[in-house]
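*Asks:* Just need the structure, nothing else, for what follows:
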Amino acid sequence: MNRLLTIAMLAATAPAQMLTTWRAESDWKPAADPSAAVWKVEGVRTSHDRYGRLVPGADTEIRSRWTGGHLYFLFSARYQNLHLKPDPTREETWGLWDYDVAEIFIGWELDRIGRYKEFEVSPQNEFVDLDVDYFKADKSYMVDWKWNGGIEYQSRIDRDAKMWYSEIRIPWKAIDQRVPKLNNELRLNLYRIEGGPANRKFLAWRPVYGPSFHAPQAFGRLRLAGAPGAARKKYDVILKGGTVLDPKNAIQQRRDVGIHGGAVAAVEPSIDPALGYKVIDVTGLYVTPGFIDLHVHVANGSGLLGSLPIDQNVYADSHTLRSGVTTAVDAGTSGWRSFPEFKRRAIDVAVTRILALLNIVGAGQAGPEPEQNVADMDPAAAAKVVEQFKGTIVGIKTAHYRGPEWVAVERAVEAGRAASVPVMVDFGLFHPARPFQQLVGEKLRPGDMYTHTYVASVPMLDDQGRVMPYLFEARKRGVKFDAGHGGGSFAFRQAAPAIQQGFYPDSISTDLHTGSMNGPMNNMLNVASKFLNLGMSLPDLIARMTWNPARQIQREDLGHLSPGALADIAVIRLEEGNFGFVDVLGARMQGNRRLSCELTMREGKVVFDLNGITRSDFRGLGQYTSQADPVWDRVLSPPR
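*Replies:* Model (predicted):
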């Protein structure tokens with residue numbers, strides 16, 4: 001099956017972001033009976049593996065209840081082949097994860113995501129529980145190997161129906177010392193392992209896009225709700241009165257957006273505000289999918305130098321969210337040897353979704369000389385790491401190569417072909433022995449990307465100022481052209497005539513790093529504003545920051561506002577006035593329109609609010625305390 005079609009199908013069937021746990025009157029002993037009255041509640045279903053791929057015959061339903069003293073889960077798991085441990089015991093069983101098991105990873109901390117508890121129960125009533133600190137310096141993950149949370153559980157197997165059930169009761173004090181309250185949210189992921197070594201299946205409620213279930217950045221949410229049937233709102237958040245620009249769904253109209261459980265629930269001409277827990281007035285603003293920046297450098301603290309004499313990396317959350325960027329693609333800062341540490345230090349802890357293009361050089365962008373090390377350009381090793389972290393690693397990158405031969409490009413393409421992912425090329429030194437025309441006309445495959453499209457070095461215009469035909473021909477055969485503004489890669493004398501003649505970028509990106517963040521690039525919307533004033537329409541711009549880049553990196557679950565999609569959303573303002581824009585050569589352009597970000601949401605939570613449009617005026621709040629609200633707010637930390 002075509003890979004893009006497969007990803008589109010997965011996006012349409014992606015599991016929910018939120019599991020609701022329903023309040024119960026009193027406690028009970030686990031019995032693993034899904035027909036019991038206490039379990040007549042809504043849960044979630046999943047049939048996906050850890051990479052988000054559908055696994056036929058492995059449907060799992062998970063329901064949850066809570067009381068003041070305990071948290072309950074009920075797994076109803078369809079199986080094909082059980083792999084059970086011989087001689088089971090109800091004592092804690094180390095290594096239980098080598099057999100069929102249901103797993104709960106849960107933590108209360110929203111800002112210390114590496115701290116959580118792990119509870120596992122098998123079909124034959126074995127268990128193990130662990131206290132986890134994902135960011136321990138020794139990388140052991142475990143705080144205390146002998147910790148015991150005092151869980152109670154009951155499992156049973158229905159071999160006729162090929163189902164097994166497990167009910168688990170967890171004391172709240174095993175998770176945290178806090179007292180549970182209505183609308184509290186916890187971080188959660190749910191897993192199953194099924195089958196023996198020959199047919200092992202690793203199933204996940206929230207895909208982790210890697211080999212380990214220990215991926216705290218992928219956790220969903222567990223929300224404490226009232227009793228089933230109690231009055232509750234249909235939507236967590238309603239964005240009301242804005243103009244929705246959603247290129248995938250061809251929407252350019254005034255629409256209300258309803259959000260529930262971290263996902264888009266409805267996009268309608270009008271949604272009754274009474275149905276919303278939180279209603280945000282966005283009248284006069286544009287509501288778009290969260291932006292995808294295809295070219296950033298955010299391996300913070302790594303010491304990787306790239307093309308600069310200092311560490312060029314920035315902390316993603318310090319720059320992305322305030323300009324509407326919810327997904328940032330690190331473009332080759334890490335290589336096949338350094339990626340795991342980059343994932344641990346940055347990807348796993350950021351609010352921004354960080355994806356990666358893997359450098360063909362194993363050391364990554366470790367400085368000008370290491371990037372010339374042909375011996376470290378290993379296509380097989382790079383492809384292997386891509387396969388290991390597929391979905392998080394979304395392509396291969398080669399950059400800054402100075403030699404006259406094609407070795408860097410050819411090995412990057414070889415790795416991309418082996419892993420079925422696209423390649424992005426920063427051409428480095430433009431060398432007459434390897435002409436740019438040959439790069440985009442022959443070397444790159446359909447779907448591969450050239451970044452820094454409007455850098456002064458690109459042979460773009462003929463003597464009469466016309467865009468050269470080879471560029472249109474390269475685009476026609478499927479090569480993608482990314483803006484990649486950066487600190488040295490955008491000149492008005494290239495971009496202006498190209499835009500006027502219809503040679504638009506396929507994607508707009510920043511090349512964010514320490515050398516660009518305070519210069520002419522500044523941020524994503526500043527870059528977009530340049531193209532707006534050069535003549536591109538606003539819908540065309542939004543497509544190149546959302547749906548286009550999502551397709552280019554084969555992540556079609558992102559970049560749109562379809563019902564069921566992740567509620568990654570940017571709310572932007574189009575300002576009119578007198579504005580100035582500068583290119584990397586120091587030339588200025590006068591403009592009369594500028595884009596700014598008013599609000600950013602990441603999986604249904606507000607993560608940036610420029611003018612406080614989500615807040616109430618202090619003069620009407622009396623002797624107020626913290627206004628943090630875990631249902632929709634990730635800007636303020638909830639009070640302890």
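*Asks:* Ends of stretch 445-456, what's the gap?
*Replies:* 24 Å (C-alpha to C-alpha, to the nearest Å).
*Asks:* Have a look at the protein and report its longest helix.
*Replies:* helix 407-419 (DSSP state H).
*Asks:* after that one comes which helix or strand?
*Replies:* Moving toward the C-terminus from helix 407-419, the first helix or strand encountered (DSSP states H and E) is strand 423-426.
*Asks:* Go ahead and measure how far that next one is from the middle of the chain.
*Replies:* Put simply, strand 423-426 sits 21 Å off its chain's centre (C-alpha atoms, centre = their mean, to the nearest Å).
*Asks:* same check, this time on stretch 200-219
*Replies:* That offset, for stretch 200-219, works out to 13 Å (C-alpha atoms, centre = their mean).
*Asks:* average pLDDT for that stretch?
*Replies:* The average of the pLDDT scores along stretch 200-219 is 91.
*Asks:* Give me the buried positions along it.
*Replies:* By neighbour count on 16 or more other C-beta atoms under 10 Å, the buried set for stretch 200-219 is 201-210, 213-219. (C-beta placed from N, C-alpha, C; glycine too.)
*Asks:* and what of stretch 612-623?
*Replies:* Buried, per 16+ other C-beta under 10 Å, within stretch 612-623: Thr614.
*Asks:* and what of stretch 225-242?
*Replies:* 225, 233, 235-242.
*Asks:* and the longest helix of the chain, what's its mean pLDDT?
*Replies:* According to the model, helix 407-419 has a mean pLDDT of 97.
*Asks:* Using PDB, write out every CA atom in that helix.
*Replies:* C-alpha atoms of helix 407-419 as PDB (Å, rounded to 0.1, in the frame of the first residue of the first chain):
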ATOM      1  CA  VAL A 407      29.100  11.500  -1.900                       C
ATOM      2  CA  ALA A 408      27.100  13.400   0.900                       C
ATOM      3  CA  VAL A 409      24.000  13.700  -1.300                       C
ATOM      4  CA  GLU A 410      24.200  10.200  -2.700                       C
ATOM      5  CA  ARG A 411      24.600   8.600   0.700                       C
ATOM      6  CA  ALA A 412      21.800  10.600   2.200                       C
ATOM      7  CA  VAL A 413      19.500   9.500  -0.700                       C
ATOM      8  CA  GLU A 414      20.600   5.900  -0.200                       C
ATOM      9  CA  ALA A 415      19.600   6.100   3.500                       C
ATOM     10  CA  GLY A 416      16.300   7.700   2.600                       C
ATOM     11  CA  ARG A 417      15.500   5.100   0.000                       C
ATOM     12  CA  ALA A 418      16.400   2.300   2.500                       C
ATOM     13  CA  ALA A 419      14.100   3.800   5.200                       C
END
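*Asks:* Pull the residues that contact that helix.
*Replies:* 358, 360, 374, 377-380, 382-383, 386-387, 390, 395-398, 401, 422-423, 425, 428, 434, 439, 443-445, 448 (C-beta atoms under 8 Å, 6 or more residues apart in numbering).
*Asks:* Show the buried residues in those residues.
*Replies:* For those, buried by 16+ other C-beta under 10 Å: 358, 360, 377-379, 382-383, 386, 390, 395-398, 401, 422-423, 425, 428, 434, 439, 443-444, 448.
*Asks:* for the stretch 1-150 of the chain, what spans make up the strands?
*Replies:* 18-23, 44-46, 60-66, 70-78, 101-107, 115-121, 127-133, 142-144 (DSSP state E, counting those that start in this stretch).
*Asks:* need those in TSV with mean neighbour count, distance to Pro497 and mean pLDDT, can you?
*Replies:* As requested, these are exported to TSV (neighbours: other C-beta atoms under 10 Å; distance: least, C-beta to C-beta, whole Å; pLDDT from 0 to 100):
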stretch	mean neighbour count	distance to Pro497	mean pLDDT
strand 18-23	21	49	92
strand 44-46	19	51	88
strand 60-66	22	57	96
strand 70-78	23	60	97
strand 101-107	24	54	96
strand 115-121	23	54	94
strand 127-133	20	56	92
strand 142-144	12	60	69
